[in-house]
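Chemist: My questions concern the predicted model and sequence given below.
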2 protein chains.
Amino acid sequence: MTTLHIIKIGGNIIDDPAALDAFLRDFAAVEGPKILLHGGGKKATALSERLGIPTHKHQGRRITDAATLEVAVMVYAGWINKSIVAALSALQCPALGLCGADADFITAVKRPVKEIDFGFVGDVVSEKTRGDFLQQLLQQGLTPVVAPITHDGAGQLLNTNADTMAFAVAVAMAARFEVQLIYCFEKKGVLTNVTDDNSVLPHIAWSEYEVLKTAGIVSEGMIPKLDNAFAAIREGVRSVVIGHAGELKEIVAGRAGTRLGGLQ
Amino acid sequence: MTTLHIIKIGGNIIDDPAALDAFLRDFAAVEGPKILLHGGGKKATALSERLGIPTHKHQGRRITDAATLEVAVMVYAGWINKSIVAALSALQCPALGLCGADADFITAVKRPVKEIDFGFVGDVVSEKTRGDFLQQLLQQGLTPVVAPITHDGAGQLLNTNADTMAFAVAVAMAARFEVQLIYCFEKKGVLTNVTDDNSVLPHIAWSEYEVLKTAGIVSEGMIPKLDNAFAAIREGVRSVVIGHAGELKEIVAGRAGTRLGGLQ
């Protein structure tokens, strides 16, 4: 099977024009089919502030009211998404900007209200993700660029976590390609020493993961990312790498980042 | 050949949620392949005002500086485009939101500076419009929904007139389909008496057009629209109809609007 790179970048790259530019050059140069998913960054918050829309959070997670959703759709699916598409096109990498509502390819449900109503936030319904649609785009030589917005299938757009969208896309493509899922974040990988940026663990097998958690080597913030990554591998994704966007070339070549795998 | 409906709606519909909702229901019910192009409306101007971005105009045409472009991309290619896509999806009409940068499908050049620099405004390079890409989407059962934003192929997004984009798309599809191009605007068609909304001319042949212009029956504002429409017919578009969005069903059935044709 052909290798498919699915790469997710977060706000730290989106918010830094020089870093984004460098990343997109490296991304455009990745050979073979590829999909980019991007997060939001600070631009939406800044725009909300300029518009006098108050930001509500619960335990660090933003609550998306109607005005905040509109800003998120404008910034994520509008400006950021189309700017990336235009930049990739100029790099001879014809791209297609998407949100989950497009071709119904990622459906979510509005997060159920328990103690907190998170508002217009969507939880992805993984099994509805349309791998067939993405495959057709890839066959046309296009690179899908996905914004962190989905819909509920009944007309409502929803603000959605890009990590979970990347997970759903990777799993949906796992039967069609050898999927390498790359999560870019602000560190070079999982560090054995949080004060040393170069103490990257090159590989974590499933059997080692519990030990690392117990030893406190995997920090709390990393646990959802790694749980997610191992879940993807259980669903047939060939490999998951966590690393820094500035090292994309090395990550793709297997020389950087923390590679997760080995379920036995 | 199969009939393809290419329908353009303007700001008067975009700005009226009830009218837009009714239009989208009628649009979703149009049988066979179809493409929707939408204009901008007042939302971008309203957002610019809230953000304190001054609006500059020259002879009624907006000048697009960098801040205004960003607002246009956010509102047109973000909020309006994705809201329409989500609404169509809920109407069992799977749609795909696009701007010209997506898949490089409509390229423009930044309007050359003569007396006035219009800023980031694009003039469509018609012959670069990728009918092959749109055809593939239609074959997948998708309805393209196109926002009035293009790019120059070198990374620059451009604010672009939706009428000329509709023209370029119609011409690019004319070899593949029997194209019916429908321009929706605020009147029911070309009126013989501007004070009587029901004095619609059902048909204008090319041979009659010059006579109507000379007689002053075709008002100045209509001339660019009609010039454009006859140009599309000369390029192989089967028919062009100008009418009101609220009468879409009747227009498609050939019972409303002003139909242009008959080049001899």
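Modeler: Right, received. Where do you want to start? Quantities reported herein were computed from a predicted structural model and do not represent experimental measurements. Numbering: from 1, shown residues only, chains lettered A, B, ... in the order given.
Chemist: Counting neighbours, which bits of stretch A:9-22 end up buried?
Modeler: Buried residues in stretch A:9-22, defined by neighbour count with 16 or more other C-beta atoms under 10 Å in any protein chain shown: A:Ile9, A:Gly10, A:Gly11, A:Asn12, A:Ile13, A:Ile14, A:Asp15, A:Ala19, A:Leu20. For every residue, glycine as well, the C-beta is placed using N, CA and C.
Chemist: Tell me who's in contact with the closest residue to chain B within the stretch 101-250 of chain A.
Modeler: Nearest to chain B in the stretch 101-250 of chain A, going by C-beta to the nearest C-beta, is A:Gly155, at a distance of 3.8 Å. Shown in contact with A:Gly155 (C-beta atoms under 8 Å, 6 or more residues apart in numbering or on different chains): B:Ala86, B:Ala87, B:Ser89, B:Ala90.
Chemist: hey, where'd the strands end up in chain A?
Modeler: Under the criterion DSSP state E, chain A contains strands at A:3-9, A:34-38, A:56-58, A:61-63, A:95-98, A:108-110, A:122-124, A:143-146, A:149-151, A:157-159, A:178-185, A:203-205, A:239-244, A:258-261.
Chemist: which strands and helices sit next to the second one?
Modeler: If you count contacts as 3 or more C-beta pairs under 8 Å, 6 or more residues apart in numbering or on different chains; DSSP states H and E, strand A:34-38 packs onto strand A:3-9, helix A:81-90, strand A:143-146, helix A:162-173.
Chemist: how near is A:Ala28 to chain B?
Modeler: 12 Å (C-beta to the nearest C-beta, to the nearest Å).
Chemist: now that residue: how far from A:Thr143?
Modeler: 8 Å (C-beta to C-beta, to the nearest Å).
Chemist: Tell me which of those two has more neighbours.
Modeler: A:Thr143 (23 against 18; other C-beta atoms under 10 Å in any protein chain shown).
Chemist: What does the pLDDT read for A:Ala229?
Modeler: What the model reports for A:Ala229 is a pLDDT of 91.
Chemist: Spatially, which residue comes closest to whatever residue of the stretch 1-150 of chain A ends up closest to chain B, not counting chain neighbours?
Modeler: Per C-beta to the nearest C-beta, A:Gly78 is where the stretch 1-150 of chain A lies closest to chain B, at 2.1 Å. Nearest residue to A:Gly78 in three dimensions, chain neighbours excluded: B:Gly78, at 2.1 Å (C-beta to C-beta, 6 or more residues apart in numbering or on different chains).
Chemist: would you turn the buried residues of stretch A:9-22 into CSV with distance to chain B and pLDDT?
Modeler: Shown next, in CSV, are these (distance: C-beta to the nearest C-beta, whole Å; pLDDT from 0 to 100):
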residue, distance to chain B, pLDDT
A:Ile9, 18, 98
A:Gly10, 20, 94
A:Gly11, 17, 90
A:Asn12, 21, 91
A:Ile13, 17, 94
A:Ile14, 14, 95
A:Asp15, 15, 94
A:Ala19, 16, 96
A:Leu20, 12, 97
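Chemist: So which of those residues are in helices?
Modeler: The helices, defined by DSSP state H, take in A:Gly11, A:Asn12, A:Ile13, A:Ile14, A:Ala19, A:Leu20 from the buried residues of stretch A:9-22.
Chemist: nearest to B:Ile35, of the residues you listed?
Modeler: The nearest member of these to B:Ile35, counting by C-beta to C-beta, is A:Ile14 at 31.0 Å.
Chemist: any idea how far B:Tyr209 is from that closest one?
Modeler: Plainly put, A:Ile14 is 51 Å away from B:Tyr209 if you go by C-beta to C-beta.
Chemist: again, but for A:Phe185
Modeler: For A:Phe185 relative to B:Tyr209 (C-beta to C-beta), the value is 62 Å.
Chemist: now swap in A:Val109 and tell me
Modeler: For A:Val109, the distance to B:Tyr209 under the criterion C-beta to C-beta works out to 54 Å.
Chemist: which one of these two has more residues nearby?
Modeler: B:Tyr209 (19 against 16).
Chemist: Surely that one touches B:Ile223?
Modeler: No. Counting by C-beta atoms under 8 Å, B:Tyr209 does not reach B:Ile223; the two are 9.6 Å apart.
Chemist: A:Gly100: what's it in contact with?
Modeler: A:Gly100 neighbours (C-beta under 8 Å, 6+ apart): A:Ile106, A:Thr107, A:Ala108, A:Gly122, A:Val124, A:Val146, A:Ile149, A:Thr150, A:His151, A:Leu158, A:Thr160, A:Met165.
Chemist: Most neighbours among the residues you listed, please name it.
Modeler: A:Thr150 (34 neighbours).
Chemist: What parts of chain A come near chain B?
Modeler: Within chain A, the positions near chain B by C-beta under 8 Å from any C-beta of the partner chain are A:50-51, A:70, A:73-79, A:81-83, A:85-87, A:89-90, A:94-99, A:101-104, A:133, A:136, A:140, A:142, A:149, A:151, A:153-157.
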